[in-house]
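In: Have a look at this prediction, sequence included:
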Amino acid sequence: MLDPMETGEPEEFDLKNFLPYLLNISGEVTSSGFQTSYKEEYGMTRTQWRVLFHLGRYGDMTARDICSRARTHKTKVSRAVSALEGMRFLKRQKDQNDRRFETLCLTTDGDKAYKALCRKAGQFDSELSAKFTPKENAILRRCLRQLADFD
């Protein structure tokens, strides 16, 4: 068989090895695995969990700050904030200097949910990590942080 590079014909595209596809599928599989933790116990969506996480991890912030940190569209964050407020997991506080802005903060119930879900997330992460050697794990995380531009 002739080498496609020698004949000028393009190589057959292999979707299963296309990095964006692999990352997306891997993300969906792993995300849906953890989804049961926040969905079944708290009735949360993925975006609600992310909003809860950011407030729990980084403290009080605006919805705009969460959008930026979580890289999530403002409409999704706005809906998540409203739902979490309805669940009494967060509250809004008007900015004293500029009443157009609201600072979001977790309530006591929100903080409890955040801490419980973080414990479950740690357990889930350990289960996923067990599929790899420590060296593979370190390389995978380093590469993913590079792609996500976290470092």
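Out: Thanks, I have it. Residues are numbered from 1 along each chain as shown.

In: how about the nearest residue to the spatially most central residue of the chain, chain neighbours excluded?
Out: The centroid of the chain falls nearest to residue 50 when counting by CA atoms, centre = their mean (5.7 Å). Sequence neighbours aside, residue 70 is the residue nearest to residue 50 in space, at 4.8 Å (criterion: CB to CB, 6 or more residues apart in numbering). For every residue, glycine as well, the C-beta is placed using N, CA and C.

In: Moving along the chain from the helix or strand bottoming out on mean pLDDT in the chain, name the first helix or strand you hit.
Out: The weakest-scoring helix or strand in the chain, judged by mean pLDDT, DSSP states H and E, is helix 4-7 (a mean of 58). Toward the C-terminus, helix 4-7 is succeeded by helix 19-42 as the next helix or strand (DSSP states H and E).

In: Tell me which other helices or strands whichever helix or strand residue 124 is part of touches.
Out: Taking DSSP H and E as the definition, one finds residue 124 inside helix 108-129. Packed against helix 108-129 by the contact rule (3 or more CB pairs under 8 Å, 6 or more residues apart in numbering; DSSP states H and E) you find helix 19-42, helix 46-58.

In: Could you list the buried residues of that helix?
Out: 110, 111, 113, 114, 117, 124 (16 or more other CB atoms under 10 Å).

In: Could you do stretch 67-87 as well?
Out: Neighbour-count burial for stretch 67-87 [16+ other CB under 10 Å]: 67, 70, 72, 76, 77, 80, 81, 83, 84, 87.
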